[in-house]
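In: show me the folded form of this:
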Amino acid sequence: MLNKLTSVQHLRGVAAVLVVMSHAIGALLAHNWAGPVSTALVGWGRVGVDIFFVISGFVMVLTTAEKPQGAATAIDFVKARAIRIAPLYWILTTLMVLFLLLAPGLFGSNKFDWQHAIASYLFLPSTNRFTGSWMPVLPPGWTLTYEALFYAVFASLLLLPKRSMIVPSAAIFFVALSLASLLPISVNQAFTTITDPIMLEFVFGCIIGLLYTMRVKVPTLVSALAVAVGSIGILMTIGSDFQEFRRTAFMGVPSAFLVAGAVFLERNGWWLRLSVLCSIGDSSYSLYLGHVFALPLIIKILLTIGAKAHLPGDLACVIMVASSVIAGYLLYLFLERPLTRKTQAWLKRPSHATRATPISIG
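Out: Residues are numbered from 1 along each chain as shown. Now for the predicted structure:
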């Protein structure tokens with residue numbers, strides 16, 4: 001079922017490109033090179049993360065919909081998610097650690113802290129004691145901390161006696177966690193992370209997944225309207241810097257409308273397959289994690305050849321994003337895909353539960 005959801009692949013590709021665009025604009029601003037369009041869009045692309053989180057909740061419900069409740073399914077689920085996200089992340093995190101040790105000035109103010117590095121490998125929230133930053137060693141990996149928490153909770157819910165309890169239980173749990181963020185107490189980074197209302201976006205995706213697996217009929221016009229509302233809502237966040245509940249409301253909710261509308265439009269036969277977007281969607285995880293290496297290299301090359309004097313900032317942004325997309329696809333083709341296949345073969349064990357289809361936030 002899931003392999004045929006072209007809309008999900010398209011949205012994953014769009015989400016990854018949005019994130020890369022946001023970081024490319026940030027790099028250009030740091031060099032006083034951003035054009036008028038890119039300056040107006042600064043920070044907007046981070047909505048790609050919200051789209052990823054909604055998709056993740058949706059996908060987890062779909063990939064487990066026809067599996068029996070119990071420990072075997074929960075274990076297979078955890079194995080599948082670990083195989084999907086951990087190997088590439090660990091390799092790129094190790095590469096970043098080597099850069100920080102051997103060429104500490106290459107990535108700005110980022111510094112090596114061994115305790116922080118260990119926490120990063122384990123997907124745990126931690127603050128770098130030298131920089132005060134809560135970002136992992138590999139900065140895009142901050143979203144994987146939230147993904148890992150969601151996976152842990154979802155796996156636990158697969159142990160419940162009835163499948164109908166999963167989505168309501170997830171909703172209650174994450175709503176309670178989000179409300180805990182309002183408590184007027186001094187907390188550490190771990191508490192701040194796990195109580196971030198952005199976790200509610202996984203619940204949005206779970207609800208969409210539940211409706212989808214229940215085969216709820218959504219008219220084509222309603223689905224198209226949902227896509228339009230979601231798209232307009234996302235466009236309206238341009239120039240805004242929403243945080244916490246405001247981010248969930250103004251970026252997460254439109255993302256949920258977009259994802260819901262897209263998957264139900266496709267179910268009704270109203271979705272075109274665009275090969276380029278499918279390819280970017282396939283490689284979105286590599287693009288998302290790998291662009292942190294690609295962007296500094298690309299802008300350094302452009303500056304070295306004197307492009308700043310002749311190339312408008314907006315065009316430079318397009319070149320940086322396009323080059324990162326190509327680099328991400330090559331990373332997917334020659335590292336992520338073969339690595340995932342080999343890891344799956346190595347860890348494969350006989351099981352009656354079908355392993356989850358490898359679709360994630362990438």
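In: any stretches of the stretch 1-150 of the chain with poor pLDDT?
Out: 1-3 (pLDDT under 70).
In: who's in contact with the helix or strand harbouring residue 179?
Out: Element membership for residue 179, per DSSP states H and E: helix 166-180. Here helix 166-180 makes contact (CB atoms under 8 Å, 6 or more residues apart in numbering) with 61, 153-154, 157-158, 160, 191, 194-197, 199-200, 202-203, 206-207, 209-210, 245, 248. Bear in mind the C-beta positions are built from the backbone N, C-alpha and C, glycine included.
In: now do stretch 259-274
Out: 5-8, 10-11, 51, 54-55, 58, 205, 208, 211-212, 218-220, 222-230.
In: from the contacts of helix 166-180, which land in helices?
Out: Among these, DSSP state H puts 61, 153-154, 157, 191, 194, 200, 202-203, 206-207, 209-210, 245 in helices.
In: buried only: go through the contacts of helix 166-180 for me.
Out: Listed as buried from those are 61, 153-154, 157-158, 191, 194-197, 199-200, 202-203, 206-207, 209-210, 245, 248; burial here means 16 or more other CB atoms under 10 Å.
In: how about the contacts made by residue 279?
Out: Residue 279 sits next to 13, 329 when contact means CB under 8 Å, 6+ apart.
In: and it, how far from residue 329?
Out: 6 Å (CB to CB, to the nearest Å).
In: buried stuff in the longest helix along the chain?
Out: Criterion DSSP H: the longest helix present in the chain is helix 71-102. For helix 71-102, burial by neighbour count (16+ other CB under 10 Å) applies to 73-74, 76-81, 83-89, 92-93, 96-97, 99-100.
In: and the very next helix or strand once past that helix, what does it pack onto?
Out: The helix or strand immediately downstream of helix 71-102 is helix 114-121, counting by DSSP H and E. On a contact count with 3 or more CB pairs under 8 Å, 6 or more residues apart in numbering; DSSP states H and E, helix 114-121 meets helix 71-102.
In: about what we covered before: buried subset of the contacts of stretch 259-274?
Out: 5-8, 10-11, 51, 54-55, 58, 205, 208, 211-212, 218, 223-224, 226-227, 229-230.
In: phi, psi of residue 130?
Out: Dihedral angles of residue 130 (phi, psi; degrees, to the nearest 10) stand at phi -90, psi -30.
In: any idea how far apart the tips of stretch 113-127 sit?
Out: 9 Å (CA to CA, to the nearest Å).
In: okay then, goodbye and thanks.
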